[in-house]
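Asks: coordinates only, no sequence provided:
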C-alpha cells in the first residue's frame, strides 16, 4: 500500500484556508449586543448635523464644549485643556516653515503669495525620528474611568485592560504613507484657504525604549497652499472626523475644512445607505479595516498636525513654478529633462487627548541637522522609479547567477565532478531563489505601480530555481545515489550488529538463569521439573531419524556405484499435479526453547520526490514566518532577519564539510564561488546599507559587516582547502580515511609513495650497464611499458618524470634519503599541487589527471580503479 502520510500537511493547510472565518465579518458575540448598522448610520447623521451647525471656537471655549459629539463629554476626562497650546505649537511650526508670509496668510487668508515652493500633491512616504514635546509638562494627565471601557463578559464587566497605541518612551521612529483623495478636493476662494483636498495616511510609531510599534490610519484635510495637513483617528469613543474642522488654526481654515468634511462625510454615509456597506466604522483606524471585537482593548486616539517644509539641500533653488512643472512631469511624464525631484519634508506634531502624550518630529530649529531632519522621504512617483531601477539591478544579478549556474552545470557534466559537489549547497542556493520568487509575487499584490516589474523579476527567479536549480539537484542526487545506498547499508549493518549484541546479551542472561535453575533442582531431593519459572526445558534428545540409504532387512545392499540420496533434514512435501488440496507447510511443534531472532533491518533512503516536497514546505514555512516577523518589534525583527541571513549565507558550509569527508580540494569553479558570493550579498547590501531603499529599513552596517565577514570566511576556507589541503584544520581521526593524491615523495620509499620507475632509475645509476639491459629497455620491458624512468636534474632534491597523458616532463620535489621533511615544507606545499600520484604509484600533472578523472576513474597507464577526488 502506498505511503500517503505526505499528503497530511497539504490537507491541513487547505482545510485552514477553506474553513477559516472571514476576517471582514463581525465575530459572534454571546455576551454583548453589537450596534446595528442602522443605529450607526443614525448616529453618524446626527454627528453630521452637529458638524454642519458648528462654529469656529466651540471646542475648548470658555463656556466648555458646546459640541455634542462623542469624546467631548465632561465625564470623559480627556485633556482638551491642552488643545490651545497644541494649536499654538502647530502655528509656530507653520511660521518657521513659511516665514512671515505664512503667518500673514494664516491670519488674513489666501491672497498673499508665498515665497517658499511647496508640493501640492504629497502622495508618498516620509520617515524620521520623534521625541517628546516640551509641551508634555503642561499637559494634564487624563483621569479616565477604565471600568467604563471594560468589555462585558458572561458574569459582568471584565477586568480593565491598558490602552493600545500608548507611547511611553522618550524617542523613537515614525513612518507615514500619504494617500491623497482626489475625489474630495475643492478650491474654496471664498473662505480664503485656497486649494484643499482630503488626505489619509498610514502611520507607524515605534517606541525605541520598549520596542513596541503602533500602526494606525488617520484621515483629514490638506491645505495645499499652506502645506499643512490636519488628520485624526475615529472610533466608537472618539468622533474624530466630525470635530476635525475645530482643530484648524484659523477661522477661514475652519470654514474650508468644514465644507470639505461635510461633503466627504455625506458621501460616505450615502454609500452606506445606498450600496449597503456593512462597515460599522468607515473611518476606522485599523490598517486592515477589520471590525473590532468588544473584547479588543481600547486604543489611544491621535490628532496629527503635519507642516510641509520647503525643499533644501539641493544645488539649485526651486521656485514655485519649477516645482509645479516638475510635479506635473512626474505625474504625467512627457520626457522632459528636469533636475532630480526633491524629497518631501514635513514637521510633525501629534497629540493624544485621551492618553495625554505629545510627540514632535526631531529636527530644526530645536535640533541640529545631524540629529534629525524631521520627516523626509520620496514622492510616490520617485519611489516607483527608484523601485524599477532597483528591480532592474536585482534582475541583472539574477541573470548573472543563472549564467554562472549554467556554466557550473556544464563544467560538472560527468559523474566524477558531480559526486564532489554538495547537494545541500546547491539546495540552499535554490531555496534563496525560491524565497525571492514568493516574495516578489506577494509584493506585486500590494504595489500596483510596479506589478509588471515585480512579476518579471519573480518569473526570472522562478526559472532559475525550477528549470536550472532543481535540474542540477536532480543530477547530483542521481550521481550520489550509490554513495547514499552504501551509507544506508552501513547504517543498517551497524543497527543489525547492535541488535545481535543485544540478543547475545539476552541469550547469556537466559543461559545463566537456566543454569541456576538446574543447579537448584539438582541440589534438592526431587528431580528438576520440566518447567521452572516459566522456562520450558527440552526433553531428552530425540532419536536420530532413520538414514535414507540404510537397507531394509531381508533385501540386498545397493551396489557401490549407486548414488545415495542425501538427507537434508527437510520435511518432504507431496504436491499433486493440479495443486489441489495444497496445505500450508507448518513447522512441527517442539518443546525446545525458541531462540531469539534478530529482526532484519532494511536500509531506509529518502526519495527525491520526498525531498522535493520538503523543499517547498520549508520555503512556505520560511515565507509565512518572515511575514509574521515583519510585524514584530524592531529589535526581535532585526535579530530574526539577521539570523535568517546568516543561515542563508552559510551555503558554502556543506561544501566545506563534503570536501573534508571526501578529501576533495576542488569541487566548484572559482568563478561560480566568487560570483555567487558577491551576487547573493546584493539584497543584503541594499536593505542594510542603502538609505533610500523601498521598505525604508534602517541602515545596519554592523549586521551587514557580520554577514559579509561570515560569507567571506567560508570562501577563504574553500581556498585554503584547495591550496593547503581539505583536512588541514581538523584532526586525522575526525574524518574517514581517504587517499591523498599529493603525497610527500621520499627517496627511501619509507611511505611507499615514490612513483614506479624511480627505484629502477636509482639502481641503473649505481650499477654498470650492459648491452643486454639496453636491448631489453629498447624492446620494452614491463617497467618501461608501465612507467617513465626518473631523470636526474641539476638542482638537488628534484626529479623529472614523464606524464603519460600530455607526454611532457614533470619536475617534482623529492626528499633525499635521510633528509628531514621540514627542510622543504615551506616551498613544497605549493609544489605538491603540481603533481598527482595514483594508488598504483603512477605520477601525472595535476591538471592532466584531473581532466582525465572527469570522465574516467581509471589509471591511464594500468587501468586500475582510482578513488574519486
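Replies: That came through fine. Values in this document were obtained by computation on a predicted structure and should not be read as measured data.
Asks: going forward, measure contacts between C-alpha atoms and count neighbours the same way
Replies: OK.
Asks: shaky segments in the stretch 201-350 of the chain?
Replies: 276-279, 288-295, 313-317 (pLDDT under 70).
Asks: leaving out sequence neighbours, find the closest residue to residue 125.
Replies: In space, and not counting its chain neighbours, residue 125 is closest to residue 177: 4.5 Å by CA to CA, 6 or more residues apart in numbering.
Asks: in a helix, the one you found, correct?
Replies: No. Read with DSSP: H, G, I helix; E, B strand; the rest coil, residue 177 is strand and lies in no helix.
Asks: how far away is it from residue 374?
Replies: The gap separating residue 177 from residue 374 is 15 Å, by CA to CA, to the nearest Å.
Asks: neighbour-wise, which of these two wins?
Replies: residue 374 (23 against 20; other CA atoms under 10 Å).
Asks: OK, contacts around the more buried one?
Replies: Shown in contact with residue 374 (CA atoms under 8 Å, 6 or more residues apart in numbering): 128-130, 345-348, 361-364.
Asks: what is the nearest of those to residue 86?
Replies: Proximity of those to residue 86 (CA to CA) peaks at residue 348, which lies at 11.5 Å.
Asks: which residues does that closest one contact?
Replies: By CA under 8 Å, 6+ apart, the residues touching residue 348 are 304-307, 359-361, 374-375.
Asks: quick one: residue 685 from residue 433, how far?
Replies: Taking CA to CA, one finds residue 685 at 17 Å from residue 433.
Asks: element containing residue 218, please.
Replies: Counting by DSSP states H and E, the element that carries residue 218 is strand 213-223.
Asks: state the pLDDT value of the residue nearest to residue 125.
Replies: Note on residue 177: pLDDT of 93.
Asks: gap between it and residue 504?
Replies: On the measure of CA to CA, residue 177 and residue 504 end up 75 Å apart.
Asks: buried ones in stretch 671-680, by neighbour count?
Replies: By 16 or more other CA atoms under 10 Å, the buried positions in stretch 671-680 come out as 672-673, 675-677, 679-680.
Asks: gap between the top helix by length along the chain and the chain center?
Replies: Ranked by number of residues, the top helix in the chain under DSSP state H is helix 481-523. A distance of 47 Å separates the centroid of the chain from that of helix 481-523, by CA atoms, centre = their mean, to the nearest Å.
Asks: in this structure residue 648 contacts residue 432, no?
Replies: Yes. Between residue 648 and residue 432 there is a contact under CA atoms under 8 Å: 7.2 Å.
Asks: just to revisit the earlier point, who has more neighbours out of residue 685 and residue 433?
Replies: Set side by side, residue 685 and residue 433 show more neighbours around residue 433, with 24 against 18, by other CA under 10 Å.
Asks: hmm, the more buried one is touching residue 461, no?
Replies: Yes. Between residue 433 and residue 461 there is a contact under CA under 8 Å: 5.5 Å.
Asks: which neighbours do the two have in common?
Replies: Joint contacts of residue 433 and residue 461 (CA under 8 Å, 6+ apart) do not exist.
Asks: show me the contacts for residue 265.
Replies: Neighbour list for residue 265: residue 48 [criterion: CA under 8 Å, 6+ apart].
Asks: looking at this, it is in a strand?
Replies: No. Residue 265 is assigned helix when assessed by three-state DSSP, not a strand.
Asks: coming back round to it: next step: the contacts of residue 374 restricted to strands.
Replies: 128-130, 345-348, 361 (DSSP state E).
Asks: any stretches of the stretch 601-750 of the chain with poor pLDDT?
Replies: 601-606, 748-750.
Asks: okay, helices next: where are they in it?
Replies: With helices called from DSSP state H, counting those that start in this stretch, the stretch 601-750 of the chain shows them at 608-629, 634-648, 653-662, 670-680, 682-689, 701-723.
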